[in-house]
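**Q** structure here, sequence nowhere to be found:
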């Protein structure tokens, strides 16, 4: 509290035009950025065990490169424990954390940069504080379009790789591109897998995206929990509604779902499965048919009718040394408390390291020549809008609305070599499906034409008769129609025509020719 009141007093003195306190706030004096990190719970893919090491290692690694910026920075890393992540319990905990930071004056030092590896519903909790207290917030876990509300979040930037709204829109773009009017979303709440919140958020994005197309696409949501049941019921329920089945579970459960679809005779090309995959994280992996197990052949067959909508692959080789350092830091700091830690790739670590690096770069570019204004979160945020960052891991572009430009890669397994090929790229900035120059969709039953989402005879032919009878009826209907039309035409023609052996005698001609009267003619 003492620090809080001290800073408030300094601010008041500056407002009263007393110059000596203001000099202590000029960035040309000893510069000490105040970094604060917030994350999700425990060992989840975006929890403090995974992300705090990424933040700390990044700042430590960049310090020799930016000595004037990071010569005397402070780093406060918060953590909390809730039963899971991205749920009301965690949102309450993060609200409590922000209140504690405000109460203790930890948000007052300038410049303050909050690096937030939090789920998208938590962004308003932190973002409203950022607006009112004028500090820079960079979110790096997930985002759902809220950040683009610039009047509400003028000091927030999203470097998040997980954007459920965007990937949901990408799925809808695929459905519209292929002229389908129905889809079912199998929403897996797989309670047995750590970090399943990522899957749940992906499904939320897809469901909300379909909801925005309510007038043109009908959607059925099928809740399930693959920890409690197989995919059999969910697939049957979805298949009774449409032939386009979307799922957003993890890679391993998705293989089981496709294997079950094979057992249900749904893999001959008459059904299409759309799998959403947006971030590579522990306990999850990209969908593959080849795992040298009993499911390989079934999954390979099903994947010939599967469309994958996912994020581009990170160049892990390029950042192998850095990720190894992050893993070492994680085990050294948390290994005893959490003995079951794993050394697995985590794309959330990458995007959060990028957020820290981008913050340092913008501080370096903006604050070495600026004065008091550089302590403003709005000042720093404005200089990140529309900027391109060449970061250690990859190139990142931030739009004028404050979010990272993302790509969704639309892929399919090739029947030629059983390798996954890129078919389209969907860009979050342009929102256009750009086809690959070499590859295109292949459909087992239809070649270049995608299967219909609802065939004319129904999903199981229930709207038509037996196949042979249906063919007969298809032929007979036009034939019978032609016969009926011919009979009608004959009758009409017969009613107006005169036989060839009949004479046509006009009464007037008889009267004038023979001087007969009408009475005489009738008598004849």
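**A** Cool, got the structure. Since the model is a prediction, treat every value here as computed from it, not as a measurement.
**Q** show me the shaky parts of the chain.
**A** Applying pLDDT under 70 to the chain picks out residues 1-30, 193-197, 370-372, 456-477, 479, 489-524.
**Q** what sits against the residue nearest in space to the middle of it?
**A** By Cα atoms, centre = their mean, the chain has its centre lying nearest to residue 167, at 1.6 Å. Residue 167 is in contact with 202, 205-206, 276, 278, 309, 311, 408, counting by Cβ atoms under 8 Å, 6 or more residues apart in numbering. In this view, the C-beta of every residue, glycine as well, is placed from N, C-alpha and C.
**Q** looking at these, which are in strands?
**A** Secondary structure from DSSP state E places 276, 309, 408 of these in strands.
**Q** out of these, who has the most neighbours?
**A** Counting neighbours by other Cβ atoms under 10 Å, residue 408 leads the ones in strands among the contacts of residue 167 with 28 neighbours.
**Q** beta partners of it?
**A** Using DSSP bridges, the bridge partners assigned to residue 408 are residue 426.
**Q** from what I see, it and residue 168 are in contact.
**A** No. Here residue 408 lies out of contact with residue 168, judged by Cβ atoms under 8 Å, at a distance of 10.0 Å.
**Q** now for those two: what residues contact both?
**A** Between them, residue 408 and residue 168 share no contacting residue, judged by Cβ under 8 Å, 6+ apart.
**Q** can you map out the strands along the stretch 201-350 of the chain?
**A** Along the stretch 201-350 of the chain, counting by DSSP state E, counting those that start in this stretch, strands occupy 218-224, 244-247, 272-277, 306-310.
**Q** pipe those strands into CSV and attach distance to residue 63 per row.
**A** Output for these, formatted as CSV (distance: least, Cβ to Cβ, whole Å):
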stretch, distance to residue 63
strand 218-224, 48
strand 244-247, 44
strand 272-277, 35
strand 306-310, 35
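**Q** which of the ones you listed is buried the deepest?
**A** strand 244-247 (a mean of 28; mean count of other Cβ atoms under 10 Å).
**Q** show me what it is packed against.
**A** Where contact means 3 or more Cβ pairs under 8 Å, 6 or more residues apart in numbering; DSSP states H and E, strand 244-247 is packed against strand 182-188, helix 232-239, strand 272-277.
**Q** what pairs with the first one, parallel or antiparallel?
**A** With DSSP bridges as the test, strand 182-188 is paired with strand 218-224 (parallel), strand 244-247 (parallel).
**Q** got the angle for it vs strand 272-277?
**A** 40 degrees (axes from the mean of the first three to the mean of the last three Cα atoms, to 10 degrees).
**Q** which residues touch stretch 216-225?
**A** Contacts for stretch 216-225 (Cβ under 8 Å, 6+ apart): 172, 175-176, 180-191, 207, 210-211, 231, 233-234, 237-238, 241-242.
**Q** just the buried residues from those residues, in ChimeraX please.
**A** Provided next is the ChimeraX selection string for whichever of the contacts of stretch 216-225 are buried by 16 or more other Cβ atoms under 10 Å:
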select :172,175,180,182,183,184,185,186,187,188,189,190,207,210,231,234,238,241,242
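**Q** residues near the closest residue to residue 344 other than its chain neighbours, how many?
**A** Excluding its sequence neighbours, the residue lying closest to residue 344 (Cβ to Cβ, 6 or more residues apart in numbering) is residue 282, at 4.0 Å. Residue 282: 19 surrounding residues under other Cβ under 10 Å.
**Q** ok, residue 282 to residue 51 distance?
**A** In this view, residue 282 and residue 51 are 12 Å apart by Cβ to Cβ, to the nearest Å.
**Q** ranges for the helices of the stretch 101-250 of the chain?
**A** Under the criterion DSSP state H, counting those that start in this stretch, the stretch 101-250 of the chain contains helices at 123-133, 164-177, 197-211, 232-239.
**Q** okay, those in a markdown table with distance to residue 291 next?
**A** Formatted as a markdown table, the helices of the stretch 101-250 of the chain follow (distance: least, Cβ to Cβ, whole Å):
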| stretch | distance to residue 291 |
| --- | --- |
| helix 123-133 | 36 |
| helix 164-177 | 24 |
| helix 197-211 | 19 |
| helix 232-239 | 21 |
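**Q** tell me which of these sits nearest to residue 358.
**A** In terms of Cβ to Cβ, the element of those nearest to residue 358 is helix 123-133, at 15.9 Å.
**Q** how distant is that closest one from the center of its chain?
**A** Relative to its parent chain, helix 123-133 has a centroid offset of 24 Å by Cα atoms, centre = their mean, to the nearest Å.
**Q** how about it: buried residues?
**A** Buried residues in helix 123-133, counted by 16+ other Cβ under 10 Å: 123-127, 129-131, 133.
**Q** what packs against it?
**A** Judged by 3+ Cβ pairs under 8 Å, 6+ apart, the packing partners of helix 123-133 are helix 88-103, strand 112-117, strand 136-139, strand 156-158.
**Q** dump the ones you listed to a markdown table, plus mean neighbour count and distance to residue 404.
**A** Below are the helices and strands packed on helix 123-133 laid out as a markdown table (neighbours: other Cβ atoms under 10 Å; distance: least, Cβ to Cβ, whole Å):
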| stretch | mean neighbour count | distance to residue 404 |
| --- | --- | --- |
| helix 88-103 | 16 | 21 |
| strand 112-117 | 27 | 14 |
| strand 136-139 | 28 | 10 |
| strand 156-158 | 29 | 6 |
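**Q** in CSV, list the ones you listed along with distance to residue 377.
**A** Listed next are the helices and strands packed on helix 123-133 as CSV, based on distance: least, Cβ to Cβ, whole Å:
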stretch, distance to residue 377
helix 88-103, 14
strand 112-117, 7
strand 136-139, 4
strand 156-158, 9
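**Q** among the ones you listed, which comes closest to residue 261?
**A** Residue 261 lies closest to helix 88-103 among the helices and strands packed on helix 123-133, at 34.1 Å (Cβ to Cβ).
**Q** got the angle between the closest one and helix 197-211?
**A** Orientation check (the same axes, to 10 degrees): helix 88-103 against helix 197-211 gives 100 degrees.
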